[in-house]
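> how would this look folded up:
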Amino acid sequence: METQPQQKTSKNHVWVWLVAFVIVAGSLFAAVYYWNEAQEAREDSTEAVEQRNLEETQQVVGSLGQVLLLSDENPTVARVEDPEILKQSNPDFYENIQAGDYLVLYPQRAIIYRASETKIINIAPIVNTDQLRQSQEEQATQPEVEDTQSSEQ
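Residues are numbered from 1 along each chain as shown. Coordinates of the predicted model:
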């Protein structure tokens, strides 16, 4: 009869060790998981995102500069995520745009560039409608000047 209490005791020890192992393994898994999350958060810091954006802009402008003569101005570069929204705003200009294309904006022109094919999809001038409207208003308010040579003769 002495063997039964020893068997119960050894079974109890196995269960205790098994539960302790599960707790330690779960804690270790949680620690690794949260450490990875913290690493990703550091990688997504504002400075890191700005640095990646700057590098991507330089890469796109450098690649575009191999197929098109560019000015020395710093453009605004945006990667297209949802082309359908752009197509709704200006169907003619954005007709052939695809996700992953780049919209490169200079003060005087807009360029759609597909870096994956090193291909310019479209180029259009940028018209400042406020300046255009102001210029038209100024021209409309200026009095007409008569040709003095034709009236003297």
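
> please make it C-alpha for all contacts and neighbour counts, starting now.
OK.

> what's around residue 64, how many residues?
Neighbours of residue 64 under the rule other C-alpha atoms under 10 Å: 20.

> roughly how far apart are it and residue 49?
According to C-alpha to C-alpha, to the nearest Å, residue 64 stands 22 Å off from residue 49.

> measure residue 133 to residue 140 for me?
According to C-alpha to C-alpha, residue 133 stands 10 Å off from residue 140.

> same check on residue 69?
37 Å.

> just residue 126 next, same as before
23 Å.

> quick one, which of those two is more surrounded?
residue 126 (13 against 10).

> now the phi/psi pair for that one, please.
phi -100, psi 120 (degrees, to the nearest 10).

> wait, doesn't it sit right on residue 104?
No. Using C-alpha atoms under 8 Å, residue 126 is not in contact with residue 104, being 11.6 Å away.

> which neighbours do the two have in common?
Here residue 126 and residue 104 share the contacting residues residue 110, scored by C-alpha atoms under 8 Å, 6 or more residues apart in numbering.
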